[in-house]
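predicted model follows, preceded by the sequence.
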2 protein chains.
Amino acid sequence: MSEGHTGVTAATPAEPIVSCAEECGVRDVQDRLGDRWTVHVVVELAAGPRRFKELQRLVDGVSQRMLTFTLRRLERDGLVRREVFPTTPPQVEYSLTATGHSMTHLIKQLVDWSLDHRAAITRSREEWDARHPA
Amino acid sequence: MSEGHTGVTAATPAEPIVSCAEECGVRDVQDRLGDRWTVHVVVELAAGPRRFKELQRLVDGVSQRMLTFTLRRLERDGLVRREVFPTTPPQVEYSLTATGHSMTHLIKQLVDWSLDHRAAITRSREEWDARHPA
DNA sequence: CGGCATCCGTACAGATACTG
DNA sequence: CAGTATCTGTACGGATGCCG
């Protein structure tokens, strides 16, 4: 409840950040970012090409099904490239496309913001929970 | 992060964008951004304080339940401030806190990226769909 | 190894009705 | 106007089994 730490802007900035037309495109991206695994997969692929099993190990907790789904969707959107090497055993390598790499910056922003405000958010959450019994 | 393990060394930047420790905080934010309505609500509130009904009209397609849910969550996270004016009829005003406003930049990045790549993504999707018959 | 198909539980999200 | 409560469908996500 103590709003002490932040001199919250009582005055309204009233600065619109997106127009109506711009909003239309947001959902496409948001749907991907909102997906539970997309961000993590992109993060791993940002470090370099990875094979399927490799990704599954790197992205902790992801099931085979979800990893396949995520990769398929990213491939469909042109963010990830899938290369098959006809070897034995079969080897499939996933890597980011140029578009995929550009998304990396976006995720960086996400992470930075998260780190900057995570503590505040956590505290706010605890305070709210304390104020709202049951 | 073993490099060259696969022997396939493409011309990738191989620049890790987040460390393991950093990833932990990502989910908190991602969960909010991934929510279907949060971004839209924040966008509307970025332009100035809004009342409940006002928001419901502005955010097209949102139900009362979801709007309430979204606002509660944002309030809990300290991103939105809720002010009640004991008038008749009751008036409740929602506005962004300082933290909420800072999130605005993040969303701006999101929108910008979306606008930059929306066409490419849409085209890639169509091509993929054409290649993959039902 | 890399994937798809199936079953199934859960959590999300919409519509509706009711309260202060 | 500003919510809360309930019911219900759906889509997400995990586990398992089978195939190339």
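Sure, I can see it. It should be emphasised that the depicted structure is a prediction, and the values quoted were computed from it without experimental measurement. Numbering: from 1, shown residues only, chains lettered A, B, ... in the order given.

what comes up buried for the lengthiest helix in chain A?
Ranked by residue count under DSSP state H, the longest helix found in chain A is helix A:98-131. For helix A:98-131, the neighbour count (16 or more other C-beta atoms under 10 Å in any protein chain shown) marks A:99-101, A:103-104, A:106-111, A:113-115, A:117, A:120-121, A:124, A:128 as buried. Placement of C-beta: from N, CA and C, glycine included.

and that helix, average pLDDT?
Helix A:98-131 shows a mean pLDDT of 91.

that one near DNA strand C at all?
No: judged by C-beta under 7 Å from any atom of the strand, helix A:98-131 and DNA strand C are separated, with a smallest distance of 14.9 Å.

verify the stated contact: A:R125 with B:R76.
Yes: in this structure, A:R125 is within contact of B:R76 by C-beta atoms under 8 Å, at 5.5 Å.

who touches the residue of chain A found nearest DNA strand D in this structure?
Distances between chain A and DNA strand D by C-beta to the nearest atom of the strand are smallest at A:R36, namely 3.2 Å. Residues near A:R36 by C-beta atoms under 8 Å, 6 or more residues apart in numbering or on different chains: A:66, B:34.

in space, what's closest to A:G78 - neighbours in sequence excluded?
Nearest in space to A:G78, with sequence neighbours left out and distances taken as C-beta to C-beta, 6 or more residues apart in numbering or on different chains, is B:S124 at 3.0 Å.

need the contact list for the one you found.
When contacts are counted by C-beta under 8 Å, 6+ apart, B:S124 is found next to A:76-78, A:99.

now the residue lying farthest from the centre of chain A, what's its secondary structure?
Distance from the C-alpha centroid of chain A, by C-alpha atoms, centre = their mean, peaks at A:T88 (33.9 Å). At A:T88 the chain is in coil, as set by DSSP: H, G, I helix; E, B strand; the rest coil.

and the furthest pair within the contacts of B:S124?
Using C-beta to C-beta, those reach their maximum pairwise distance at A:R76 and A:T99, which is 12.1 Å.

the helix or strand containing A:V43 - contacts with which helices or strands?
Counting by DSSP states H and E, the element that carries A:V43 is helix A:38-46. Using 3 or more C-beta pairs under 8 Å, 6 or more residues apart in numbering or on different chains; DSSP states H and E as the contact test, the elements touching helix A:38-46 are helix A:52-58, helix A:64-76, strand A:91-96, helix A:98-131, helix B:20-34.

quick one: least confident helix or strand in chain A?
Lowest by mean pLDDT, DSSP states H and E among the helices and strands of chain A is helix A:20-34, with a mean of 68.

so who does the residue nearest the centre of chain A touch?
Nearest to the mean C-alpha position of chain A, by C-alpha atoms, centre = their mean, lies A:V39 at 3.3 Å. Counting by C-beta under 8 Å, 6+ apart, A:V39 touches A:33, A:107, A:110, B:26, B:30.

which one of these is nearest B:L71?
Distance to B:L71 across the contacts of A:V39 (C-beta to C-beta) is lowest for B:Q30, with 19.3 Å.

wait, A:L71 touches A:T38, no?
No: in this structure, A:L71 is not within contact of A:T38 by C-beta under 8 Å, at 9.5 Å.

now stretch A:45-59: buried residues?
A:45-52, A:54-56, A:58-59.

how about a markdown table for these, with pLDDT added?
Output for the buried residues of stretch A:45-59, formatted as a markdown table (pLDDT from 0 to 100):
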| residue | pLDDT |
| --- | --- |
| A:L45 | 96 |
| A:A46 | 95 |
| A:A47 | 95 |
| A:G48 | 96 |
| A:P49 | 97 |
| A:R50 | 97 |
| A:R51 | 97 |
| A:F52 | 97 |
| A:E54 | 96 |
| A:L55 | 96 |
| A:Q56 | 96 |
| A:L58 | 93 |
| A:V59 | 93 |
